[in-house]
Every structure is written in C-alpha cells, then in structure tokens.
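J.: Predicted coordinates and the sequence they were generated for:
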Amino acid sequence: REGHLGGRAGGWDAALPDGTRVGMGRGFHAYFRQYYNLRTLLRRADPGLERLTALPDYPLIDADGRTDTFRGLPRTPPWNALFFALRSPTFRPRDLLRLNGRAALPLIGVSVPGTYERLDHLDAETFLARLRFPTAARHLAFEVFSRSFFAPPGRLSAAELAVMFHLYFLGSAEGLLFDVPSVPPPRLWAPLGDHLTSLGGRVHPGTPVTAVRPGGSGFAVDVADGTVDADAVVLALDLPGLRDLVAASPELGTPGWR
C-alpha cells in the first residue's frame, strides 16, 4: 500500500518546510545481533551488512548518573547476567544473597506458551518485587524492557517481561549490543527491491490490495487497476490490514482459519 518497502520498519523520503529532503522512519533504530532472520534478509542485498554500523556499548544511565554497561560481558548465559549484576553500581555482592532464586527461575527456563501460562496473571512490578532485586538495579536491569515498550511495570505482563529478558539477554550470546543504520531509512530497504527485480520479480509500491480470490491452481489478487494472477500468496500485513483484507475476501481460507 505504501510507496516504500520495509513496512513498519521501512523508511521514506520527506520534505522539510524549507524544501530540504530527509529520510524518515518510524523509529526502528536498533538492529540487535540476535535478529538473525532480519540480518540474513538484509544480507541478500548487502552481504557484508555495510549499511549497518556497530555500536560498542548500550549504556543504561539512571537519574543519579549510575551507569550499567553491556561492554565486555561473558557471552555465555547465565554468566553474562551474573557478571552484569555484580559489576553494576546498583548491585552489591550481598544483594546476591538476598535474591529469591526460585522466583527468578522463570527468567532462565523460558518457554512459549508455558511462561505465559505460569506468569501472565502477574504484572511485571509484582514479579520483580518477588525477585528481591535492589530497587535501583531493578530499574536499570529490568524496567528498561518494560518502558522501551511504552508500558509501566504495573501494567506489563510478567510473562512478557520474562520472554523479552530471555530473548534479548539470556537467550543468546549476543547480549544487548546492536547495530544502527549508517544510511537514511529508505536506503536500507530499497536495495532489497533491486535484488528482487534482478531475480525477475516485480515490485508494486503504492498499490493497495483490495481482495484475494482463490481459483484454479492459484489466486487472483485484486488491486485498484486490475487483477494479478499468482501461484501463491503470503499475507504479510499488520493486524488491521489483515482483518480488512480477509473481510473483503470471503472465499479465502476455512471458517476456522477466518
């Protein structure tokens, strides 16, 4: 539907009031090292990931100036989390003895949907209080996950917190280090369109799909100025767009799927 590639992670050119052209995006700025699928996708058009620049650290600083750092941590979980805590200015060795190890186990043994079945009834604030982490350490080490998703800890599911902490920290050897684009947002994704074109594909930006109709051995994809015949269709839409398209495509899928 949009005139650019990348969906919500994409970017586009815009003009400032004085006519200056700038690259715009929705704020997807951190390409974490454990985003393996995303980085593999980008490598199809940029094998060396030259459009990304590595950041050496991701410091967390609280209102009193205390700083936690992810630089130089061991790469093996759970030692990375242990060293992160012990070298934090908000966490003292005696605090380790106060930790509720049993309450912290869900952070290590994350599974889906098991973690949601065990923790989704709790809010993150209650869960963190049960861990008996020092308040300042809790703020720097955990609440960053909550607030980066625009949810105060009292309104975030403890299961979501556990899953995010696992995916971003304990679930990989990459830690919380990431790369940032070294080019304006449009130039990060446009090469993938060129890559598809070089393989014989056709890219149709700015072309809303109004309906998908199964028929014969494939599908008819209705767009504003006609129909495109397709052997297969991937419905890679956001949730409102998916619902609208399915509602406009009554022959698509089974009743249970719909």
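T.: Cool, the structure landed. All figures in this text were calculated on a predicted structure; none of them were measured in a lab.
J.: distance of P106 from D238?
T.: P106 sits 30 Å away from D238, going by C-beta to C-beta, to the nearest Å. Using the backbone N, CA and C atoms, a C-beta is placed for each residue, glycine as well.
J.: More neighbours: these two, which one.
T.: Between P106 and D238, counted using other C-beta atoms under 10 Å, the more crowded position is P106 (23 against 9).
J.: which residues in this structure form helices?
T.: Ranges of helices within the chain are 36-43, 79-86, 93-98, 101-108, 114-119, 124-131, 135-141, 143-147, 158-165, 185-198, 239-247, based on DSSP state H.
J.: what's the closest of the ones you listed to R21?
T.: For the helices of the chain, proximity to R21 was assessed by C-beta to C-beta; helix 185-198 is nearest, at 10.2 Å.
J.: Export that closest one to CSV, keeping only CA atoms.
T.: The C-alpha coordinates for helix 185-198 follow below in CSV (Å, rounded to 0.1, in the frame of the first residue of the first chain):
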residue,chain,number,x,y,z
PRO,A,185,16.0,4.6,6.3
PRO,A,186,14.9,4.5,2.7
ARG,A,187,18.3,3.4,1.5
LEU,A,188,18.4,0.4,3.9
TRP,A,189,15.4,-1.3,2.3
ALA,A,190,15.3,-0.1,-1.3
PRO,A,191,18.2,-2.4,-2.3
LEU,A,192,16.0,-5.4,-1.4
GLY,A,193,13.6,-4.2,-4.1
ASP,A,194,16.5,-4.0,-6.6
HIS,A,195,17.5,-7.5,-5.5
LEU,A,196,14.0,-8.9,-6.2
THR,A,197,14.0,-7.1,-9.6
SER,A,198,17.4,-8.7,-10.5
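J.: so where's the stretch 51-200 of the chain shaky on pLDDT?
T.: Scanning the stretch 51-200 of the chain for pLDDT under 70 picks out the ranges 141.
J.: Quick check, G241 in contact with G7.
T.: No - contact criterion C-beta atoms under 8 Å: G241 and G7 do not qualify, at 9.9 Å.
J.: rewinding a little: which of the helices of the chain is buried the deepest?
T.: Greatest average neighbour count among those goes to helix 158-165 (a mean of 23), per mean count of other C-beta atoms under 10 Å.
J.: so how far is that helix from its chain's centroid?
T.: Here helix 158-165 is found 14 Å from its chain centre; the criterion is C-alpha atoms, centre = their mean, to the nearest Å.
J.: got the angle between it and helix 101-108?
T.: Counting by axes from the mean of the first three to the mean of the last three C-alpha atoms, to 10 degrees, helix 158-165 lies at 60 degrees to helix 101-108.
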